[in-house]
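pasting the structure only:
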């Protein structure tokens, strides 16, 4: 009886180790923490508009304004089928993305990490921008017919 158990135990242990390894990967993106809090949507919209006014670059990507925020807190609105604003982040700097879903359940898959976004609840994802390139942010929770095109823009720039 124990002869048949050893291969099964080895396979289970391998699967658990592989799953742990996959869940810990961030694709070169250093995701430090994720927290959540309830938010008043109108107050959050005010913070979002203030960010656009103070850090907007004047550029637009697919109708979404581009901002280059200072390191720290960055309010982002998530709704069918967009992440707003598009971001230009400085390499090596730490940012706290405050993600608020306006309409339905979404998720934000950033690099290889993912957070579930419930309407009215802000998820805060702390990350360190990688050395260069683009960071992919997309919805990983089916949210309607435009779901497959719900991809945000995070560009890493030099200081």
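Structure's in. What do you need? Treat the numbers as computed from the prediction; the structure is a model and nothing was measured.

residues of stretch 94-110 that come out buried?
Using 16 or more other Cβ atoms under 10 Å as the test for burial, stretch 94-110 gives 95, 96, 97, 98, 99, 100, 101, 102, 106, 107, 108, 110. (Each C-beta comes from the backbone N, C-alpha and C, glycine too.)

And the fifth one, which helix or strand is it part of?
When elements are assigned from DSSP states H and E, residue 99 belongs to strand 94-101.

closest to residue 149 among the buried residues of stretch 94-110?
residue 106 (13.2 Å; Cβ to Cβ).

pLDDT at that closest one, what is it?
If you check residue 106, the pLDDT there is 94.

now do residue 13
Reported pLDDT for residue 13: 60.

quick one: strands adjacent to whichever strand or helix holds residue 75?
Using DSSP H and E, residue 75 falls within strand 72-79. Using DSSP bridges, the strands paired with strand 72-79 are strand 82-84 (antiparallel), strand 94-101 (parallel).

after the shortest one, next one along is what?
Moving toward the C-terminus from strand 82-84, the next helix or strand (DSSP H and E) is strand 86-90.

could you say what helices and strands that following strand packs with?
Judged by 3 or more Cβ pairs under 8 Å, 6 or more residues apart in numbering; DSSP states H and E, strand 86-90 is in contact with strand 64-67, strand 151-157.

now that strand: mean pLDDT?
Strand 86-90 comes out with an average pLDDT of 96.

ditto for stretch 127-139
Mean predicted confidence for stretch 127-139 is 89.

tell me how far the ends of that stretch are from each other?
18 Å (Cα to Cα, to the nearest Å).

For it, which outside residues touch it?
28-32, 78, 81, 83, 89-95, 97, 106-111, 147, 150-156 (Cβ atoms under 8 Å, 6 or more residues apart in numbering).

which residues in the protein form strands?
Counting by DSSP state E, the chain has strands at residues 30-38, 56-61, 64-67, 72-79, 82-84, 86-90, 94-101, 106-110, 113-117, 121-128, 133-138, 151-157.

and of the ones you listed, who's closest to residue 44?
Short answer: strand 94-101, nearest of the strands of the chain by Cβ to Cβ, at 5.1 Å.

pretty sure residue 36 is touching residue 117, no?
No. Residue 36 lies out of contact with residue 117 (Cβ atoms under 8 Å); the separation is 9.3 Å.

So for these two, which residue has more residues nearby?
For residue 36 and residue 117, the more surrounded residue by other Cβ atoms under 10 Å is residue 117, and the numbers stand at 24 against 15.
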